[in-house]
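[1] fold the following for me, if possible:
(chains A, B, C and D)
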There are 2 protein chains.
Amino acid sequence: MKEGPDIARIAALIGDPARANMLTALMTGKALTATELAAEAGITGQTASSHLSKMDDGGLLRVRKQGRHKYFSLANDDVATVLEGLMGLAAKTGHLRTRTGPKDAPLRKARVCYNHLAGDMGTRMFDAFIAQGYLRTTGEALELSPMGEDFMRRFGVDLDGLRRAKAPLCRECLDWSARRSHLAGSVGRALLTRFEDLGWARRTAGSRVVTFTRQGERQFLTEVIGALR
Amino acid sequence: MKEGPDIARIAALIGDPARANMLTALMTGKALTATELAAEAGITGQTASSHLSKMDDGGLLRVRKQGRHKYFSLANDDVATVLEGLMGLAAKTGHLRTRTGPKDAPLRKARVCYNHLAGDMGTRMFDAFIAQGYLRTTGEALELSPMGEDFMRRFGVDLDGLRRAKAPLCRECLDWSARRSHLAGSVGRALLTRFEDLGWARRTAGSRVVTFTRQGERQFLTEVIGALR
DNA sequence: TTCATACTTCGACCATAGCCGAAGCATCCG
DNA sequence: CGGATGCTTCGGCTATGGTCGAAGTATGAA
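    Below is the predicted model of the structure:
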């Protein structure tokens, strides 16, 4: 009658309607902010905060702070698997939810995130760097491979100068609209600056939109993304 | 914020400590009675009854009534899989429980269950019939195949006579000690009678123990179980 | 039949925990 | 520097639901 691998503790966490709604919302794989999750569950921010910290303590969630936002995602695949299984058991109606992200098309496509490139073009660039082996994620950190360093130098990024500053070269940043990672850190900032210097893109005054020229976008695709092959 | 495949409903069912204890106890694959499960969870019979009916309604359990006992087992593999996953998430200490069944060795080996053979020899016979294709489970029912009928006739069971009675020929009966199925119904009863007639076994007076003679047990193994090959 | 056992139902108690309003930090923006 | 936004903490309200005692039903044993 005693003991227990506390399967009850975990199940009870999932068992609350509000929390279950949040978790199913996260099943899309996208990270969501506390406020969005609150709306998803139909509760106020205070209550959501309490729920989210409980699920975090329970190991169900992964949390990333981004400025004044807090992005939540499922902790790992095991969590998703269990949720999937529970949905199977609940053999009920279909589900899907989440209404997320900016509606402004230009914003979704390319925008500045603090000082680096975000939006669709930002995440595509990040993915390309990873696929090409220029960037490696080592645990929580993110680092340039020798090939990556070479690319950056050829592209006109002053790596040595950046290294002299104390700021981290590469950081992973969670994208607001795509909800995937893009490249932050001093290298990310330098790249955006370089795009502007090359005349490929320019920031729109009073907005976060980054506008690429037709020519600039073509060059971006071939010389950065296209570096893939 | 609305809708939902009610993953919360199911998870909440598992999320109660008492219910979680019962479910983990059932993870051994053995069926347990309501009283045993109550002891397992450390609660009274009334409370257990409420929990068990809820889990049954929720589709987590399979229930079989046996006289004044009610045997519970997990509804299916999916339930077990989810529980397994939850245990993984709860990544905690080991677990195991259940203290079940009779301690009397002869009783465990072979005994009468109402009027048919139960215990280890009973379940082995049942398994052999299934493996050999003599018995088939069609949904909830249990029926003899033509080959099975042939075997029964050769073994001296008056199938035609039994058929004239209204009682079901074959029924599945949950074994008390092994907690697995054995053969009940008029055929099950006829088989035990036949074992006695053949001098293979006899019931012990004032007890449920069935004693096989050394010779009888050998013949049982070769001519019934051994019919497997 | 009578007694014992297994389970269920009813009713009431009470603790847990979800919920929100209000107030407090932290961060970003102009 | 304010002012706005996102999140957290605190306090108190309330409802859900787990719990058991007592009484009821069903089955098996003597």
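[2] any idea of the mean pLDDT in the helix or strand hosting residue A:160?
    Element membership of residue A:160 [criterion: DSSP states H and E] is helix A:159-164. Mean pLDDT, computed over helix A:159-164, is 88.
[3] now do that helix: distance to the chain's middle.
    26 Å (C-alpha atoms, centre = their mean, to the nearest Å).
[4] and that helix, what other elements does it pack with?
    Secondary-structure packing of helix A:159-164 (3 or more C-beta pairs under 8 Å, 6 or more residues apart in numbering or on different chains; DSSP states H and E): helix A:146-155, helix A:185-197. The C-beta positions use only the backbone N, C-alpha and C, and glycine is treated the same way.
[5] contacts for that helix next, please.
    A:144, A:149, A:152, A:153, A:169, A:186, A:187, A:190 (C-beta atoms under 8 Å, 6 or more residues apart in numbering or on different chains).
[6] now the third one: how far from residue A:124?
    Per C-beta to C-beta, to the nearest Å, residue A:152 is found 17 Å from residue A:124.
[7] going by how many neighbours each has, rank these two and give me the top one.
    Neighbour count, other C-beta atoms under 10 Å in any protein chain shown: between residue A:152 and residue A:124, residue A:152 has more, with 22 against 19.
[8] and the closest residue to that one other than its chain neighbours, how many neighbours?
    Leaving aside its chain neighbours, residue A:152 sits nearest to residue A:159 (5.6 Å; criterion: C-beta to C-beta, 6 or more residues apart in numbering or on different chains). Here the count is done by other C-beta under 10 Å, and residue A:159 has 17 residues near it.
[9] ok, residue A:159 to chain B distance?
    Relative to chain B, residue A:159 is positioned 42 Å away (C-beta to the nearest C-beta, to the nearest Å).
[10] same question for residue A:75.
    9 Å.
[11] next one: residue A:221
    Distance of residue A:221 to chain B, given as C-beta to the nearest C-beta: 40 Å.
[12] give me the phi and psi angles of the residue of chain A found nearest DNA strand C.
    When scored by C-beta to the nearest atom of the strand, chain A has residue A:67 as its residue closest to DNA strand C, at 2.8 Å. Backbone torsions for residue A:67, taken as degrees, to the nearest 10, come to phi 60, psi -130.
[13] starting at the chain centroid, how far to stretch A:159-167?
    For stretch A:159-167 - counting by C-alpha atoms, centre = their mean - the centre lies 25 Å from the chain centre.
[14] now do the helix or strand following the helix holding residue A:160: everything it contacts.
    Sequence-wise, the next helix or strand downstream of helix A:159-164 (DSSP H and E) is strand A:171-174. Applying C-beta under 8 Å, 6+ apart, the external contacts of strand A:171-174 come out as A:31, A:64, A:66, A:71, A:113, A:116, A:118, A:137, A:142, A:180-185, A:188.
[15] also stretch A:196-211?
    When contacts are defined by C-beta under 8 Å, 6+ apart, stretch A:196-211 is touched by residues A:104, A:106-107, A:110-113, A:117, A:119, A:121, A:156, A:192, A:195, A:212-213, A:215-217, A:219-220.
[16] what subset of those residues is buried?
    Using 16 or more other C-beta atoms under 10 Å in any protein chain shown as the burial test, those include A:107, A:110-113, A:117, A:119, A:121, A:192, A:195, A:212, A:216-217, A:219-220 as buried.
[17] tally of neighbours for the residue nearest to residue A:16 when sequence neighbours are not counted?
    For residue A:16, ignoring the flanking residues on the chain, the nearest one in space by C-beta to C-beta, 6+ apart is residue B:8 at 6.4 Å. By other C-beta under 10 Å, the residues close to residue B:8 number 22.
[18] helix or strand for residue B:8, which one?
    helix B:7-15.
[19] circling back: let me see the contact set for the residue nearest to residue A:16.
    With contact taken as C-beta under 8 Å, 6+ apart, residue B:8 is in contact with A:14, A:15, A:16, A:17, A:19, A:20, A:21.
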